[in-house]
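K.L.:
I would like to see how this sequence folds:
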Amino acid sequence: MKAVKVYPGMMCNSVEFFVHKNDLKFIQHGTVKDFPELPFATIAILQEEINSNQDVKLALHQMHPDSEIKRTEQFTRCRFGGLDFSADINNNKLQDGEYWPCPNHGNCPHEGVLCKLPLYNNIRLTKTDVQIMQLSCTEKTNEVIAEEMNLPMGSFHKAKKYIHELFGVQTKQSLVQMCVFFNLI
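P.N.:
As a prediction, the model looks like this:
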């Protein structure tokens, strides 16, 4: 019998945020709803996180100077926009953040402040780590990947070795599993 995965919030009170057709939605108590329907207690959890980081507060004020709810929605979109199998809020505790294929990656002045790259064993991955991981999951050769990334082969191999050691993987298949886990592919 094949195991069936269920998104957080479908069968529990955890919350999973995601962007669908540019609209921010959430799943809780088995229901998909639009962000404006978010309960006040959940909004308070998000706003507490915003207020705990001065850089995040400043970035959001630059984007939406006149609306606290728009700042909260923007923060949630940037930090938790991907639909995955890890609850964004579980037992009233906010997860660290998640990677998702935001259309503004590479063009956002607040990249790395509002959004977060994956964290593994208290080590934050870099953009280069993520790019190497994503491209390593394709059928491209190491030489093609290094060329696309404008990395000398020695630097590419050093970076790839670091990633393999960080995750304790030895094969491409194991790396692909890590990429799926972190929503990178």
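
K.L.:
What is the distance between the helix or strand containing Ile69 and the centre of its chain?
P.N.:
For Ile69, the element it lies in under DSSP states H and E is helix 68-80. Averaging C-alpha positions (CA atoms, centre = their mean, to the nearest Å) puts helix 68-80 14 Å from its chain's average.

K.L.:
Repeat that for stretch 26-36.
P.N.:
Using CA atoms, centre = their mean, the offset of stretch 26-36 from its chain centre is 19 Å.

K.L.:
Check stretch 46-53 too.
P.N.:
Taking mean C-alpha positions (CA atoms, centre = their mean), stretch 46-53 and its chain are 17 Å apart.

K.L.:
any idea which helix or strand comes after the helix or strand bottoming out on mean pLDDT in the chain?
P.N.:
Here the helix or strand of the chain ranked lowest by mean pLDDT, DSSP states H and E is strand 119-120, holding a mean of 85. Reading on from strand 119-120 to the C-terminus, the next helix or strand found by DSSP H and E is strand 123-124.

K.L.:
what comes into contact with the least confident helix or strand of the chain?
P.N.:
96-97, 125, 166-167, 182 (CB atoms under 8 Å, 6 or more residues apart in numbering). The way it works is simple: take the backbone N, C-alpha and C, and place the C-beta from them, glycine included.
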